[in-house]
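> Model the following, please.
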Amino acid sequence: MQRHLGVQLLAITVLAAIAFWVALPSTTMIRIVNPLNGQSLIERDASYRRGLDLQGGLQVVLEADVPPGTEVDSERMQAVRDIIERRVNALGTTEPVIQLAGNNRVIVELPGIEDPNRAIATFGETGLLEFIDAGFPSEAPQVGERVVTDFGTQAPVTDTANVRVYRTIFTGADLRSAEIAFDPNTNQPQIAFEFKSGEPTRRLAEFTRNNVGRIMAITLDKVVISTPVIRDEIPDGRGVIEGDFTLEEAQALVIQLRYGALPVPLKIVQVRAVGATLGEDSIQRSVRAGVIGVLSVVAFMLLYYRLPGLLANVALVIYGAIALALFKLIPVTLTLAGIAGFVLSVGMAVDANILIFERMKEELRAGRSLVAAVHIGFRRAWPSIRDSNVSTLITCAILFWFGATFGASIVKGFAVTLALGVMVSLFTAVTVTRTFLHVVMSSGLVRNRWWFGV
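Numbers count the residues shown, from 1 in each chain. Down below sits the predicted model:
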């Protein structure tokens, strides 16, 4: 028993030390190095991410690029908003604000974007991928050249003597997946793609079988990005897009292909930096209120429950470190609503301890020994703690679904931080506090029931 408690206490101590280190504001990078060769095994950003209301960000206004007098129906604009949201989330940006404005505009607000040009290029472009029959190598267009195809919303080409129209064989709608790959010889980034099974794969096999030696050029928004030569039949629908890509360019292209083309072409009409919607004074007051609330809870637990309250306060500090470390590692964008969810979960952690301690006091008043009271108190309080936390997690899932369905990112942030806080508080309130109490009881240093509030 003593050895088992020692192992648990050591594990909690190591976990707490790591959590405190990660949670420190000064820890902005986590890097684990292989001692054998000095190469990084893990290297990732570990800084806190703040939302628009806390740090400001970038606002981009996009407008449907259609001929004057052309009306864009609301369903297509809603599809545009949804696709842009998927692209933005793929950039690693959380808590974006993406909303429709009027009949033909989309407003995108991004917190803490480091490379605004890359972000705009990724989510703002139409992303129309086409595989075209470009003829033999001597007559094929060059990479970077803009071409005219027989697919799309552009006006029909009548002067075919001066403008050559290429036939579109496939589009991005025929793709099943796209992901980053690397050339095994040059380590150059590529885009590995796979066509959908069935008709698209069959047509690809037939076209490549009948056109060996010709160019099947690949264009994005009518600009040639690759001109591969068909060397053999492609029977399985899989291939790669080769080009002079940087890794960032390849990642942006994969995002555009993976999350679909915009049904309406867009143009950028305004780009500007936006300040935090909450003033610095409001933020400081919110932090001050949170600190006062936590200190009040700590004082109450210490005065009313004495030794168990002291141990619960230590567990509460460990809870805070683990939760903040998780916010960094996942990562979670901290908005004022998200911080409110975190503070609310502090109350859930204390509530679990109160249920346990009150059960312990009941057992002590009934004449149980201290060791038995601790054991029975945890066992009998567990069903109530389990049910209350599960019900809270169900509510968080509903809130998250609501936020994801209706574009309420603030609600999603609140649900995520509350759910994480509840799960961590369940661990610290039950496992950490119980281990501390068992260690104290097994030491034999505390025998007076006064230390337990009785």
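> Helices of the stretch 251-400 of the chain, start to end?
With helices called from DSSP state H, counting those that start in this stretch, the stretch 251-400 of the chain shows them at 280-305, 307-329, 336-365, 370-406.
> which stretch among those comes nearest residue 64?
Closest approach to residue 64 among the helices of the stretch 251-400 of the chain (C-beta to C-beta): helix 370-406, 22.4 Å. Where you see a C-beta, it was placed from the backbone N, CA and C, and this is true even at glycine.
> Render the CA-only coordinates of the helix or strand just after the closest one in PDB, please.
Later in the chain than helix 370-406, the nearest helix or strand by DSSP states H and E is helix 409-427. The C-alpha trace of helix 409-427 is given here as PDB (Å, rounded to 0.1, in the frame of the first residue of the first chain):
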ATOM      1  CA  SER A 409     -17.500  30.400 -32.500                       C
ATOM      2  CA  ILE A 410     -17.700  32.200 -29.100                       C
ATOM      3  CA  VAL A 411     -20.200  29.500 -27.900                       C
ATOM      4  CA  LYS A 412     -17.800  26.800 -29.200                       C
ATOM      5  CA  GLY A 413     -14.900  28.300 -27.300                       C
ATOM      6  CA  PHE A 414     -16.900  28.400 -24.100                       C
ATOM      7  CA  ALA A 415     -18.000  24.800 -24.500                       C
ATOM      8  CA  VAL A 416     -14.400  23.600 -25.200                       C
ATOM      9  CA  THR A 417     -12.800  25.300 -22.200                       C
ATOM     10  CA  LEU A 418     -15.600  24.200 -19.900                       C
ATOM     11  CA  ALA A 419     -15.400  20.600 -21.000                       C
ATOM     12  CA  LEU A 420     -11.600  20.500 -20.700                       C
ATOM     13  CA  GLY A 421     -11.900  22.100 -17.300                       C
ATOM     14  CA  VAL A 422     -14.500  19.600 -16.100                       C
ATOM     15  CA  MET A 423     -12.400  16.600 -17.200                       C
ATOM     16  CA  VAL A 424      -9.300  17.900 -15.500                       C
ATOM     17  CA  SER A 425     -11.100  18.900 -12.400                       C
ATOM     18  CA  LEU A 426     -12.600  15.400 -12.200                       C
ATOM     19  CA  PHE A 427      -9.100  14.000 -12.200                       C
END
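> Residue 182 bridge partners, please.
Bridge pairing for residue 182 (DSSP bridges) gives the partners residue 189.
> what about it, neighbour count?
Residue 182 has 13 neighbours, counted by other C-beta atoms under 10 Å.
> Report pLDDT for it.
On the pLDDT scale, residue 182 is placed at 88.
> so residue 19 touches residue 325, yeah?
Yes: the criterion here is C-beta atoms under 8 Å, and residue 19 meets it with residue 325 at 4.4 Å.
> For those two, list the residues in contact with both.
Common neighbours of residue 19 and residue 325, counting by C-beta atoms under 8 Å, 6 or more residues apart in numbering, are absent.
> picking that back up, so for residue 169, which of the helices of the stretch 251-400 of the chain sits nearest?
Closest to residue 169 of the helices of the stretch 251-400 of the chain, according to C-beta to C-beta: helix 370-406, at 36.2 Å.
> How about the closest one, which residues are buried there?
Neighbour-count burial for helix 370-406 flags 370, 373-378, 381, 385, 388-389, 392-393, 396, 399-400, 403 (criterion: 16 or more other C-beta atoms under 10 Å).
> In TSV: the helices of the stretch 251-400 of the chain, plus mean pLDDT and distance to residue 67.
Compiled in TSV, the helices of the stretch 251-400 of the chain are given as follows (pLDDT from 0 to 100; distance: least, C-beta to C-beta, whole Å):
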stretch	mean pLDDT	distance to residue 67
helix 280-305	82	46
helix 307-329	92	47
helix 336-365	86	42
helix 370-406	88	32
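> and residue 255, which of those is closest to it?
Nearest of the helices of the stretch 251-400 of the chain (C-beta to C-beta): helix 370-406, 18.8 Å.
> now the angle from the closest one to helix 307-329?
30 degrees (axes from the mean of the first three to the mean of the last three C-alpha atoms, to 10 degrees).
> the inter-axis angle of helix 370-406 versus helix 409-427?
Counting by the same axes, to 10 degrees, helix 370-406 lies at 160 degrees to helix 409-427.
> Quick one: neighbours of residue 452, just the number.
Residue 452: 22 surrounding residues under other C-beta under 10 Å.
> re earlier: can you say which of the helices of the stretch 251-400 of the chain is nearest to residue 231?
With C-beta to C-beta, the closest approach to residue 231 among these belongs to helix 370-406: 44.4 Å.
> mind listing what residue 337 touches?
410, 411, 413, 414.
> What of residue 264?
Taking C-beta under 8 Å, 6+ apart as the test, what residue 264 contacts is 64, 65, 66, 72, 76, 77, 80.
> And residue 315, by the same measure?
With contact set as C-beta under 8 Å, 6+ apart, residue 315 has these partners: 349, 353, 428, 429, 432, 433, 436.
> Could you report the distance from the second one to residue 136?
It refers to residue 353. Going from residue 353 to residue 136 by C-beta to C-beta, to the nearest Å gives 77 Å.
> same deal with the fifth one?
Residue 432 sits at a distance of 71 Å from residue 136 (criterion: C-beta to C-beta).
> of those two, who's got more company?
Each of residue 432 and residue 136 has its neighbours counted (other C-beta under 10 Å); residue 432 has more, 23 against 11.
> Next up, phi/psi of residue 228, please.
Taking degrees, to the nearest 10, you get phi -70, psi 150 for the backbone angles of residue 228.
> Just the buried residues of stretch 327-334, please?
327, 328, 331, 332, 333, 334.
> Quick check: the farthest pair among those residues?
Largest pairwise distance in the buried residues of stretch 327-334, by C-beta to C-beta, is 11.1 Å, between 328 and 333.
> burial of the residue lying closest to residue 266 once chain neighbours are set aside, as a residue count?
Counting by C-beta to C-beta, 6 or more residues apart in numbering, residue 266 lies nearest to residue 62, which is 4.4 Å off, once chain neighbours are set aside. Other residues near residue 62 come to 26 when the count uses other C-beta under 10 Å.
> any idea how far residue 62 lies from residue 76?
Taking C-beta to C-beta, one finds residue 62 at 13 Å from residue 76.
> Ok, residue 230 next?
Noted for residue 230: a distance of 35 Å to residue 76, by C-beta to C-beta.
> These two - which one has more neighbours?
Between residue 230 and residue 76, counted using other C-beta under 10 Å, the more crowded position is residue 230 (17 against 14).
> Hmm, residue 214 and that one touching each other?
Yes: Residue 230 lies in contact with residue 214 (C-beta under 8 Å); the separation is 5.6 Å.
> In the stretch 1-150 of the chain, where is pLDDT below threshold?
1-2, 90-95, 114, 125-127 (pLDDT under 70).
> Adding distance to residue 275, write the buried residues of stretch 327-334 out as CSV.
Listed next are these as CSV, based on distance: C-beta to C-beta, whole Å:
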residue, distance to residue 275
327, 23
328, 24
331, 22
332, 22
333, 17
334, 17
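> of those, closest to residue 112?
Taking the buried residues of stretch 327-334 together and measuring to residue 112 by C-beta to C-beta, the closest member is residue 333, at 8.2 Å.
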